[in-house]
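J.: Let's see this in three dimensions:
(4 chains)
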There are 2 protein chains.
Amino acid sequence: MRVTIKDVSRVAGVSIKTVSRVLNKERYVRADTRERVEAAVKALNFSPSLAARALAGRRSFQIALIYDNHSPFYIHQIQEGVWAQCKEQGVRMLAQPADVASPTLAAEVGGLIDETHVDGVILSSPVTDAPAVLVELERRGIPFVRISPGTNHALTSSVFMDDVQAADDMTTHLINEGHKRIGFIVGHPNHMASDQRLFGYRRALDRAGVAFEPSLVQPGQFDFSSGAAAAEALLTLGEPPTAIFASNDDMAAGVLAVAHRRDIAVPETLSVAGFDDTELASAVWPPLTTIRQPTRDLAYAAAGLLFSEEGVVIHRRLQHELIVRGSTGRAPIDALRP
Amino acid sequence: MRVTIKDVSRVAGVSIKTVSRVLNKERYVRADTRERVEAAVKALNFSPSLAARALAGRRSFQIALIYDNHSPFYIHQIQEGVWAQCKEQGVRMLAQPADVASPTLAAEVGGLIDETHVDGVILSSPVTDAPAVLVELERRGIPFVRISPGTNHALTSSVFMDDVQAADDMTTHLINEGHKRIGFIVGHPNHMASDQRLFGYRRALDRAGVAFEPSLVQPGQFDFSSGAAAAEALLTLGEPPTAIFASNDDMAAGVLAVAHRRDIAVPETLSVAGFDDTELASAVWPPLTTIRQPTRDLAYAAAGLLFSEEGVVIHRRLQHELIVRGSTGRAPIDALRP
DNA sequence: CCACAATAAGACAGCGTTGTCAGTTTCAAG
DNA sequence: CTTGAAACTGACAACGCTGTCTTATTGTGG
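T.: Prediction:
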């Protein structure tokens, strides 16, 4: 039935252990022996059983990617980045949706690890900041890397971008365009990045001497409809903002939709900015000025760290980029008058 | 270190075989014995090793989902549907991106099966129609279900919707709105659904007695930019269409962007229709009139079939729905004049 | 209360690998 | 040549379960 290492060893005329050595690129195999084994592997089209390898050895050749994110585009990029790295390393990726709000999350993660013997775990925000999960992972001593965690205090590698600076950059850009009343839509409360982006917004305002106005800040959930709702709230203020900076693209798309519905010209009357530069940002009209978050690269790098030398903790920051597109422009003239 | 079935058996005071019986819900275990075992499982927080189960038994408690699709939204829904079903069944899902164009695809799929011992496979369009993959799967006798395959001739279950009828419905809707010149953007050539949607478009035109005009049909790739390119081509025709029907939402979003850029009012001057009803459809402006493809349900049902009684081949059709939103409307008056 | 089937539980091999250890070959230096 | 270390290879147990077979134990009709 199944082609096993035994078949390979028979065809190659060596012991199964030697085949195993070749498979695992161990030392002490003569070149011609190796070649014979490799030929047999190819001839029989042999793929070693991960189950057997996991059971017998110290590696399972599988890692888990755990995420809970409401932006399909974001997840897609994360998956793709991790996937690409795994492919290079010859390791399988187990994508695992999760619910950070669930009280059983840590137990589920533990169960996943027990069941699958995964060699490591990649946590994507906001699972990166679920204390119970971190504790569980540390207790087991299983290597893990976090993508865009809220803090870097853990004894674990992470890859991230500077959310504060990015939000600051965007806000500063809007201020430079003459905007004084800049609405801000906060991200999902579960994500630490939400706080940081809000802080970046405030820091930029502060530095520019623009007064912070609490009514210009609206809560959001990182999805389209919460963005729309926040926009409604902002645009019905007595003195509405001339620009709205949403903490991600999905919410910015919601803002655009509301602006269109209310016949508010973008960017002439209202500038709209997003964050992430997912595909959505260029699929809407006008295309969104946004922050390019190197999501795919972040994920790729994270997986890379997981496979790198054990014991070294690295916190790698990747560069963001302000992408100016058609959704933002100069503040309307009357707004520029004092 | 790891909690094993042995630990459970010791705590419960039974043999490991009995624990195994409880785990697998086999017959011939006394109620009180079962309870004792279950208590021990809970107390020790035991999760059986899938590797060991796969190796020893006939099941691996894992299935693979293989896809190659360029719409992140679509994939996201597929993953979610399969995932939900797997969770109910207590089975792990291995999401596996693929490249239908790759000559080694069938071998990769074979390798995946050998490595992981998966109990079954779910194929998402267009992998559903890669002959080499189907042959490989059949050769191994591994159960598989196809989501939205091009044809139902195989001896395998599938779930799908009626693409022809759906495209017909949409086209008819546009005709009923007074449109006579309806542009059509074809989907990715790898997808059989692309052909079928084109056929539905033609069938509706034909039935309504509207002449088919080849120049109104443009190729596309199911992504935003190919939609935009097709729109450019259509709108620079001597006599441009009053409506454009794109074979999916991503391409329709591209059409919208081009219309905005050219200052063409949607839907007053140009109606735009999509297909799929992904989240994108309501994230753009105006929100897209589209066909709701029950993607998530399709995926959920597909996984369900995989776990259902062996040997029965079922082809399940799920209902689509025409969703009329703001992107389509009556044809402009001058177009209604003969 | 006996015979016999149905129910219940355990012993043990084996799934396909890797780890450990022991054994054999090669080769450079003496 | 011999010697000893380095290079190479193999035998065998073990990983954590399930399948098969065997051995109690219970229940039921006559």
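J.: and the helix or strand containing A:F199, what does it pack onto?
T.: In the assignment (DSSP states H and E), A:F199 maps to helix A:192-208. Applying 3 or more CB pairs under 8 Å, 6 or more residues apart in numbering or on different chains; DSSP states H and E, we find helix A:192-208 packed against helix A:163-176, strand A:182-185. For the C-beta atoms, the positions are set from N, CA and C on the backbone; glycine is no exception.
J.: Using PDB, write out the CA atom coordinates for the last one.
T.: Coordinates of each C-alpha in strand A:182-185 appear next as PDB, following Å, rounded to 0.1, in the frame of the first residue of the first chain:
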ATOM      1  CA  ILE A 182      -9.000  65.400  12.400                       C
ATOM      2  CA  GLY A 183     -11.400  62.700  13.300                       C
ATOM      3  CA  PHE A 184      -9.900  59.400  14.500                       C
ATOM      4  CA  ILE A 185     -11.400  56.000  14.600                       C
END
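J.: on that earlier part again, let me know which of the helices and strands packed on helix A:192-208 is tucked in deepest.
T.: For the helices and strands packed on helix A:192-208, ranked by mean neighbour count under the definition mean count of other CB atoms under 10 Å in any protein chain shown, the leader is strand A:182-185 at a mean of 28.
J.: ok now it, how far from the chain's centre?
T.: Centroid separation between strand A:182-185 and its chain, computed with CA atoms, centre = their mean, to the nearest Å, is 23 Å.
J.: Do that strand and chain B come into contact?
T.: No: Strand A:182-185 does not reach chain B (CB under 8 Å from any CB of the partner chain); its nearest approach is 14.9 Å.
J.: in its sheet, what does that strand sit against?
T.: strand A:217-218 (parallel), strand A:243-246 (parallel) (DSSP bridges).
J.: Tell me which of those sits most buried.
T.: By mean count of other CB under 10 Å, those have strand A:243-246 as the most buried, with a mean of 32.
J.: tell me the mean pLDDT over that one?
T.: The average pLDDT within strand A:243-246 is 98.
J.: what element comes up after it heading to the C-terminus?
T.: helix A:249-261.
J.: Spell out which residues of the stretch 151-300 of chain A are next to chain B.
T.: A:224, A:250, A:253-254, A:256-257, A:260-261, A:279-280, A:282-287.
J.: among the residues you listed, which two are most distant?
T.: Maximum pairwise distance among these (CB to CB): 23.1 Å, between A:R261 and A:E279.
J.: more crowded one of these two?
T.: A:E279 (21 against 16; other CB atoms under 10 Å in any protein chain shown).
J.: gap between the helix holding A:F199 and the chain center?
T.: With CA atoms, centre = their mean, you get 20 Å for helix A:192-208.
J.: And that helix, what's buried?
T.: Residues A:M192, A:A193, A:S194, A:Q196, A:R197, A:L198, A:G200, A:Y201, A:R202, A:R203, A:A204, A:L205 are the ones in helix A:192-208 that count as buried (16 or more other CB atoms under 10 Å in any protein chain shown).
J.: what ranges of the stretch 151-300 of chain A fall below the confidence cut-off?
T.: By pLDDT under 70, the weakly predicted segments of the stretch 151-300 of chain A are A:154.
J.: measure the nearest residue to A:A12 once chain neighbours are set aside to B:L134 for me?
T.: Setting aside the residues directly before and after it, A:A12 is nearest to A:A40 in space (CB to CB, 6 or more residues apart in numbering or on different chains), at 3.9 Å. In this structure, A:A40 and B:L134 are 28 Å apart, going by CB to CB, to the nearest Å.
J.: now A:T289
T.: 46 Å.
J.: Compare the two (neighbour count), which wins?
T.: Comparing A:T289 with B:L134 by neighbour count (other CB under 10 Å), the higher total belongs to A:T289, at 28 against 21.
J.: who's in contact with the closest residue to A:R262 other than its chain neighbours?
T.: Nearest residue to A:R262 in three dimensions, chain neighbours excluded: A:L235, at 6.4 Å (CB to CB, 6+ apart). Contact partners of A:L235, counting by CB atoms under 8 Å, 6 or more residues apart in numbering or on different chains, are A:P241, A:V258, A:A259, A:R262, A:I264, A:L270.
J.: Check the contact between the fifth one and A:A257; I expect there is one.
T.: No: shown here, A:I264 and A:A257 do not form a contact pair, counting by CB atoms under 8 Å, at 11.0 Å.
J.: quick one, which of these two is more surrounded?
T.: A:A257 (23 against 17).
J.: which non-adjacent residue is nearest that one?
T.: B:W285 (5.1 Å).
J.: okay, now that neighbour: neighbour count?
T.: Number of residues near B:W285 (other CB under 10 Å) recorded here: 22.
J.: Tell me the secondary structure of it, please.
T.: Classification of B:W285 by DSSP: H, G, I helix; E, B strand; the rest coil places it in coil.
J.: how near is the residue nearest to A:R262 to A:A257?
T.: Separation of A:L235 from A:A257 (CB to CB): 12 Å.
J.: now swap in A:S124 and tell me
T.: Between A:S124 and A:A257 the computed distance is 27 Å (CB to CB).
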